[in-house]
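Undergrad: build the 3D model from these lines:
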Amino acid sequence: MLDQMTVASLFDAAWYFETYLSDIQDCDPWEHFRQVGAAAGFDPNPMFSVSWYLRRYRDVTGSGLDALADYLSRGAMLGRDPGPLFNTRWYLASNPDVAAAGVNPLQHYLSNGWHELRDPSPVFNTAWYFASYPAAAAAGFDARIHYFERGAFLGYSPCPLFESQWYMDTYPELAAEKINPLLHYLTEGVERGFDPSPHFSTLGYLESHPEVAASGENPLVHHLANEPPQNRTSVHAAVGLPAPLSRAAVADVRALIEAMSAIEPDLAALPKPLETLAVATWFAPDRCTAAWRRLYLSIYELPQRLVFVGAIDNAPELAALLKDTSGTLIIETDAQVVSTAELLPSHTQWRSLSEFAVELDAEDRIRLATALVNGLQPAALLVWGSRIGWEMLARHGRAFRSNTALFGAFASAPEISAVDLLRSYFRSCISVISALYSADEQELRRFAALFGLPSSEYWKLRDLKKCWEDRDFFAQIGAPQ
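TA: Numbers count the residues shown, from 1 in each chain. Modelled structure (predicted):
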């Protein structure tokens with residue numbers, strides 16, 4: 001016998017009230033569902049479709065259990081899906097921590113999974129959705145809710161192989177009835193042989209995979225669930241289409257439109273369709289993908305200068321140096337506890353790696369730092385008392401400097417002095433950086449001589465106050481002199 005708390009965990013009172021307002025009237029939503037709604041076939045949340053579940057699993061009818069009770073008592077363990085929008089087996093396979101915990105997969109997704117940017121199904125790629133449509137990320141909604149309430153009707157797509165606007169244009173009866181295109185494809189369109197995009201043939205796939213046709217599984221879901229991870233988010237590589245635009249490219253186009261709108265008024269209408277373009281997100285470290293997704297999607301303004309600092313609260317000299325933080329993103333790399341950043345000027349854009357995942361080890365942090373430089377490609381990078389930043393430069397500095405000017409500062413990191421930090425990385429990094437700053441240039445020169453700096457490289461040793469001067473870090477993008 002299921003306890004009511006377990007059943008209630010999958011009940012969305014606000015959604016239920018809004019959906020069945022005319023039936024509920026003055027009743028409490030939960031009491032109405034318990035006494036009337038469950039037996040009447042009302043859905044307890046937008047991810048659970050009672051009618052779909054009963055059609056799919058015909059043995060439930062006559063078992064003495066309603067659809068929700070069946071799913072909670074045995075359905076999830078049997079790998080049954082609660083509706084077309086949630087894939088039970090795939091969710092558990094994609095999230096082994098959830099499987100190991102033994103919790104109900106749908107319950108986990110509704111309570112924690114969507115916050116953690118986990119995908120409910122192969123056909124809904126949360127990170128891709130937010131990266132492709134920054135306006136959706138800025139709205140602050142769960143990606144799935146944003147898509148079903150707004151995104152689909154703006155032409156947004158839930159994954160690269162399902163194109164909402166193309167689907168509505170190809171099957172115009174949907175637009176007239178205001179039917180969500182993805183939901184229609186999963187419940188009706190696939191049975192009618194509709195294609196989800198011009199790059200995927202429903203009937204062609206079923207002909208090529210008769211076992212899928214025999215099982216009744218959705219061909220698009222099967223394809224995405226069985227594709228290697230690197231191919232799920234990029235149909236372009238598979239079908240030879242041009243690669244999706246980078247965030248930097250979209251930002252450049254938007255800036256050009258704004259600059260030229262005064263001359264050509266018709267350009268003013270372009271930013272809206274620009275938001276529907278797919279935007280690429282490339283670098284996701286294997287062991288910390290969730291942290292990378294959260295970090296990357298939290299950055300809405302492309303920085304032109306990037307600063308890696310070990311611990312922000314331990315770097316008052318850096319805070320005092322920041323005359324103008326526009327175009328600058330500060331990343332706290334080493335600190336295990338997120339800094340207060342009280343010393344930074346107001347409106348400074350900063351992030352701490354520790355706020356995006358617990359128990360990140362050094363390798364995780366190095367991978368996140370590397371992904372940021374690769375993904376954002378700033379004009380300049382300054383490493384300030386960051387052991388993670390110096391290690392990253394030692395490994396990848398030669399590759400980075402083709403696109404980004406690299407700078408360093410003689411400063412201590414958490415639990416390591418400036419001298420020890422310099423001793424560890426001086427020889428491996430001095431050749432790839434454009435300048436090394438210190439509040440005491442003479443002291444820096446003494447240490448450089450001790451570490452065997454070639455005479456041809458002494459010009460790189462500079463006073464910290466020169467950071468704002470021509471050809472130095474803050475001047476790399478034309479910052480105020």
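
Undergrad: tell me which strands the helix or strand containing Trp350 pairs with, and in which orientation.
TA: Using DSSP states H and E, Trp350 falls within strand 349-352. Paired strands of strand 349-352, with direction, are strand 328-332 (parallel) (DSSP bridges).

Undergrad: contacts for the strand holding Trp350, please.
TA: Residues from elsewhere that reach strand 349-352 (C-beta atoms under 8 Å, 6 or more residues apart in numbering): 295, 298-299, 301, 303, 312, 325, 328-332, 335, 338-339, 341, 344. (Glycine included, C-beta is placed from N, CA and C.)

Undergrad: name the next helix or strand following that strand along the chain.
TA: Under the assignment DSSP H and E, the closest C-terminal helix or strand after strand 349-352 is helix 362-376.

Undergrad: angle of the next helix or strand after that following helix against strand 328-332?
TA: Heading C-terminal from helix 362-376, the first helix or strand you meet, by DSSP H and E, is strand 380-384. Relative orientation of strand 380-384 versus strand 328-332 (axes from the mean of the first three to the mean of the last three C-alpha atoms, to 10 degrees): 30 degrees.

Undergrad: so which elements touch the helix or strand just after strand 380-384?
TA: Proceeding N to C from strand 380-384, the next assigned helix or strand is helix 387-400, under DSSP H and E. Counting contacts by 3 or more C-beta pairs under 8 Å, 6 or more residues apart in numbering; DSSP states H and E, helix 387-400 is packed against strand 305-309, helix 362-376, strand 380-384, strand 405-409, helix 418-429.

Undergrad: and the third one with helix 418-429, angle?
TA: It refers to strand 380-384. Using the same axes, to 10 degrees, strand 380-384 lies at 140 degrees relative to helix 418-429.

Undergrad: alpha carbons only: can I get strand 380-384 in PDB?
TA: C-alpha atoms of strand 380-384 as PDB (Å, rounded to 0.1, in the frame of the first residue of the first chain):
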ATOM      1  CA  ALA A 380      43.300  38.600 -22.500                       C
ATOM      2  CA  LEU A 381      43.700  36.300 -19.500                       C
ATOM      3  CA  LEU A 382      45.400  37.300 -16.200                       C
ATOM      4  CA  VAL A 383      46.400  34.600 -13.700                       C
ATOM      5  CA  TRP A 384      46.600  36.100 -10.200                       C
END
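
Undergrad: strand partners (parallel or antiparallel) of that strand?
TA: If you go by DSSP bridges, strand 380-384 pairs up with strand 305-309 (parallel), strand 405-409 (parallel).

Undergrad: domain ranges for the chain?
TA: Domains of the chain are assigned by automatic domain parsing as 4-113, 126-239, 286-475.

Undergrad: of all those domains, which lies closest to Asp119?
TA: domain 126-239 (5.3 Å; C-beta to C-beta).

Undergrad: circling back: quick one: which of the helices and strands packed on helix 387-400 is nearest Gly64?
TA: When the helices and strands packed on helix 387-400 are compared by C-beta to C-beta, helix 362-376 sits nearest Gly64, at 49.5 Å.

Undergrad: in that closest one, what counts as buried?
TA: With burial defined by 16 or more other C-beta atoms under 10 Å, the residues of helix 362-376 counted as buried are Asp364, Arg365, Ile366, Arg367, Leu368, Ala369, Thr370, Ala371, Leu372, Val373, Gly375, Leu376.

Undergrad: out of the helices and strands packed on helix 387-400, flag the one nearest Phe162.
TA: That would be, of those and by C-beta to C-beta, helix 362-376, which comes in at 24.7 Å.

Undergrad: what mean pLDDT would you report for the closest one?
TA: For helix 362-376, mean pLDDT is 87.

Undergrad: the strands paired with strand 380-384: lowest mean pLDDT?
TA: Lowest mean pLDDT of the strands paired with strand 380-384: strand 405-409, a mean of 89.

Undergrad: helices and strands of the chain: which one bottoms out on pLDDT?
TA: Taking mean pLDDT, DSSP states H and E as the measure, the chain has helix 235-239 as its least confident helix or strand, at a mean of 36.

Undergrad: quick one: Trp384 from Phe407, how far?
TA: Taking C-beta to C-beta, to the nearest Å as the measure, Trp384 falls 9 Å from Phe407.

Undergrad: same check on Ser22?
TA: From Ser22 across to Phe407, the span is 64 Å (C-beta to C-beta).

Undergrad: higher neighbour count, those two?
TA: Set Ser22 next to Phe407 and count neighbours by other C-beta atoms under 10 Å: Phe407 wins out with 25 against 6.

Undergrad: for the stretch 51-200 of the chain, what spans make up the helices?
TA: With DSSP state H, counting those that start in this stretch as the criterion, the stretch 51-200 of the chain has helices at 67-70, 88-94, 96-101, 105-108, 126-132, 134-138, 143-149, 164-170, 173-177, 181-184.

Undergrad: closest to Ala449 out of the ones you listed?
TA: helix 126-132 (47.5 Å).

Undergrad: and that closest one, how far out from the chain middle?
TA: Its chain's average C-alpha position is 6 Å from that of helix 126-132, according to C-alpha atoms, centre = their mean, to the nearest Å.

Undergrad: check stretch 14-26 too.
TA: Taking C-alpha atoms, centre = their mean, the mean C-alpha location of stretch 14-26 is offset from the chain mean by 33 Å.

Undergrad: tell me, how many residues neighbour Asp142?
TA: Using other C-beta under 10 Å, Asp142 is surrounded by 16 other residues.

Undergrad: which pLDDT value belongs to it?
TA: 81.

Undergrad: one step back: mind checking which of the helices and strands packed on helix 387-400 is nearest Glu188?
TA: Glu188 lies closest, by C-beta to C-beta, to one member of the helices and strands packed on helix 387-400: helix 362-376, at 38.8 Å.

Undergrad: what packs against that closest one?
TA: Packed next to helix 362-376, using 3+ C-beta pairs under 8 Å, 6+ apart, are helix 289-297, strand 305-309, strand 328-332, helix 387-400.

Undergrad: deepest-packed of these, please.
TA: Mean neighbour count (mean count of other C-beta atoms under 10 Å) peaks for strand 305-309 among these, with a mean of 27.

Undergrad: I'd like the next helix or strand past that strand.
TA: For strand 305-309, the following helix or strand on the C-terminal side (DSSP H and E) is helix 316-321.

Undergrad: can you point out the buried residues in that following helix?
TA: Buried positions in helix 316-321, judged by neighbour count with 16+ other C-beta under 10 Å: Leu318, Ala319, Leu321.

Undergrad: does the first one touch Val307 like I think?
TA: Yes. Counting by C-beta atoms under 8 Å, Leu318 sits close enough to Val307 to count as a contact (7.3 Å).

Undergrad: check the secondary structure at Phe17 for me.
TA: helix (DSSP: H, G, I helix; E, B strand; the rest coil).

Undergrad: rebuild the helices of the stretch 51-200 of the chain as a markdown table, extending it with distance to Thr202 and mean neighbour count.
TA: Below are the helices of the stretch 51-200 of the chain laid out as a markdown table (distance: least, C-beta to C-beta, whole Å; neighbours: other C-beta atoms under 10 Å):
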| stretch | distance to Thr202 | mean neighbour count |
| --- | --- | --- |
| helix 67-70 | 27 | 23 |
| helix 88-94 | 19 | 18 |
| helix 96-101 | 30 | 12 |
| helix 105-108 | 26 | 22 |
| helix 126-132 | 21 | 24 |
| helix 134-138 | 27 | 17 |
| helix 143-149 | 21 | 20 |
| helix 164-170 | 11 | 19 |
| helix 173-177 | 16 | 12 |
| helix 181-184 | 13 | 23 |
